[in-house]
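Colleague: starting from these lines, generate the structure:
(2 chains)
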Amino acid sequence: MMEVNVNKQLDSSEGRMILHLEACVDEGSFIVLQGKSGAGKTSLLRLLAGLMLPDQGYITFGGKHWTDTAKGVFLPPQKREVGMVFQDYALFPNMTLLENIRFASTKECSLDLVDTLMDIMELEALRHHAIKSLSGGQKQRVALARALVQRPKLLLLDEPLAALDREMKIKLRDFIKDWHHEQRPTLIWVSHDASEIIPLADRLWELENGRLIEKECAVQNINDKPVKGRFQISAEIEGMEQQGSGYILSLRIGLQSVHLTVEESEVSGLKIGDTVLLTADTSTTKVQRIDE
Amino acid sequence: MDFSPLILTLQLATVTTVILLPLGIAMAYGLTYTTSRWKPVWEALVSMPLVLPPTVLGFYLLVAFSPNNGFGAFLDKYLGLKLVFTFEGLVLASVVYSLPFMVHPIQSGLNNLPHNLKEAAYLMGKSRTSTLFRVLLPNCKSSLLIGAVLAFAHTIGEFGVVLMIGGNLPGRTQVASMVIYDKVETMDYAGAHHYSLLLFAMTFTILVVVYVVNGGYFKRFSI
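Modeller: As a prediction, the model looks like this:
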């Protein structure tokens, strides 16, 4: 169990803000964290990692007190078994790509794991390259491999796939999903473009005005309810455009963008950013091969 | 030409630099990462030799280490340390006087490193010492080089402090800069020229080497 109840005053470009975080999650959960730029997402990760001290409150993980301001407890980051992908990677320029990953690996970590990660991340050919010679996407993959090789109990990913191309993004997203399933770390994944990872998550957190708000995961929503009609799928509204008497809804389903024509009455109460459930029954569903 | 003052000067600069390197790293690390409210006071103390007349520093060191005073008498009686008019005294004075030349470049190098390099290493379970020696210092090598060279070159050029604490004793505490002063006083300009040119050439060469190495001059021509 991970319990967080902390307050932290932050000074940002938009002024002073109090970050109040209150949450309780099972170990091994997969959490997606969303929020506007400057909402305090990175600060939340830093508080959990022990890189930032809260003004007040406590964090416990697996029954251990990591931080407790009332009792004066602070477990240093070295002892938390936290792996983190920093937004700007934080790779060590004095080491090669391989040395960066090996430096992070624990004594128990097998060389096989290093090789496996290098292989998955498609970094094999670059293993002896200097960090400064790598592209942004390559650096991001090294940062991810470096965090995974630690086999952390808490894995914090701050936009870990933002610099990757679409194909690599899908490949690594699926790999992280499998890795999480196998290793069961508690995982917090910060993403601006969360629609592609929400389907993997157990919980969806949103930071709004310094408060952590638990949102319902669309996937969980679907799984918890009996299926209506022939199929149902969750999607996020990306755009709404009036056309004649109806509307064209632009929906994001996973990595795909879908356009849907709907009547005016169907869009009332909906806004861009809402997660919606699409259902269809036998009379309106048509299945057709793309190449026909 | 008597080379002993030059040899003594080089010995003094080498010993001073060797002592200052670990001391400077420790102080620069402390000053960079301290959250103490007294930080400005420590920084001011380290920088004092930059603005203080060398004779003032030399005078206070002379008073402190004089066997006629409490502290100097204590060092002499219990530790057998005589720091006035000895090579050891010159080293100590040089270490104090060249301290900012070592600390400032290293502190600046550490300050310029992205903060999250240290944090990433901590999250990998690395201790502060391991992080310092395997991540932080290797990434500010040029600052270490500049610090070491400036401290070395500055010690070669010392005059006021070493004169006060060393007493200009030929063969024991008379360094090259004092010989030049003596030569000028006795109107031996030719002798003064010899020593001056040698000091000029030495310090100039050292600085050129630093700029060449630090500026990646050779890398530009490598394939």
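Colleague: who in the stretch 1-150 of chain A is up against chain B?
Modeller: Residues of the stretch 1-150 of chain A lying near chain B by C-beta under 8 Å from any C-beta of the partner chain: A:49, A:51, A:76-84, A:86, A:88, A:90-94, A:103-104, A:106, A:146, A:150. Where C-beta positions appear, they are placed from N, C-alpha and C, glycine not excepted.
Colleague: sec struct for A:Leu207, please.
Modeller: The assignment at A:Leu207 comes out as strand when based on DSSP: H, G, I helix; E, B strand; the rest coil.
Colleague: wait, isn't it in contact with A:Gln34?
Modeller: Yes. Applying C-beta atoms under 8 Å as the test, A:Leu207 and A:Gln34 come out as touching, 7.3 Å apart.
Colleague: quick check: neighbours shared by these two?
Modeller: A:Lys41 (C-beta atoms under 8 Å, 6 or more residues apart in numbering or on different chains).
Colleague: B:Leu117 contacts A:Phe92, correct?
Modeller: Yes. Here B:Leu117 reaches A:Phe92: they are 6.3 Å apart, a contact under C-beta under 8 Å.
Colleague: in the chain, which helix or strand is least confident?
Modeller: Here I'm looking at chain A. helix A:218-224 (a mean of 48; mean pLDDT, DSSP states H and E).
Colleague: chain B was what I was after
Modeller: Counting by mean pLDDT, DSSP H and E, chain B has helix B:70-74 as its least confident element, at a mean of 85.
Colleague: can the helix or strand following it be found next to chain A?
Modeller: The first helix or strand that comes after helix B:70-74 along the chain, using DSSP states H and E, is helix B:87-112. No. If you take C-beta under 8 Å from any C-beta as the test, helix B:87-112 misses chain A, and the best it gets is 12.1 Å.
Colleague: ok, now which ones touch the residue lying closest to B:Ile19 once chain neighbours are set aside?
Modeller: Spatial nearest neighbour of B:Ile19, chain neighbours left out: B:Val95 (5.4 Å); criterion: C-beta to C-beta, 6 or more residues apart in numbering or on different chains. By C-beta under 8 Å, 6+ apart, the contact set of B:Val95 is B:16, B:19-20, B:23.
Colleague: please pick the buried ones from these.
Modeller: By neighbour count, with 16 or more other C-beta atoms under 10 Å in any protein chain shown, these hold B:16, B:19-20 as buried.
Colleague: and these, which is closest to A:Gly273?
Modeller: Among the buried ones among the contacts of B:Val95, B:Leu20 lies closest to A:Gly273 (C-beta to C-beta), at 59.4 Å.
Colleague: after the lengthiest helix in chain B, next one along is what?
Modeller: In terms of residue count, the longest helix belonging to chain B (DSSP state H) is helix B:4-33. Per DSSP H and E, helix B:4-33 leads on to helix B:39-51 as the next helix or strand towards the C-terminus.
Colleague: check which residues of that next one are buried.
Modeller: B:43, B:46, B:49.
Colleague: and the residue nearest to A:Asn7 when sequence neighbours are not counted, how far is that from A:Ser43?
Modeller: Distance criterion C-beta to C-beta, 6+ apart; nearest residue to A:Asn7, sequence neighbours excluded, is A:Gln56 at 4.6 Å. Separation of A:Gln56 from A:Ser43 (C-beta to C-beta, to the nearest Å): 15 Å.
Colleague: check B:Pro22 too.
Modeller: 36 Å.
Colleague: the more surrounded of those two?
Modeller: The neighbour comparison of B:Pro22 against A:Ser43 (other C-beta atoms under 10 Å in any protein chain shown) goes to A:Ser43, with 21 against 10.
Colleague: hmm, who's touching the one helix or strand that one maps to?
Modeller: According to DSSP H and E, A:Ser43 maps onto helix A:41-49. Applying C-beta under 8 Å, 6+ apart, the contact partners of helix A:41-49 are A:4, A:6, A:8, A:10, A:19, A:21, A:33-35, A:52-54, A:59, A:66-67, A:77, A:80, A:82, A:84, A:87, A:154, A:156, A:158, A:188, A:190, A:207, A:212, B:119, B:123.
Colleague: thinking again about what came up before, residues in contact with the residue nearest to A:Asn7?
Modeller: Residues in contact with A:Gln56 (C-beta under 8 Å, 6+ apart) are A:6-7, A:69.
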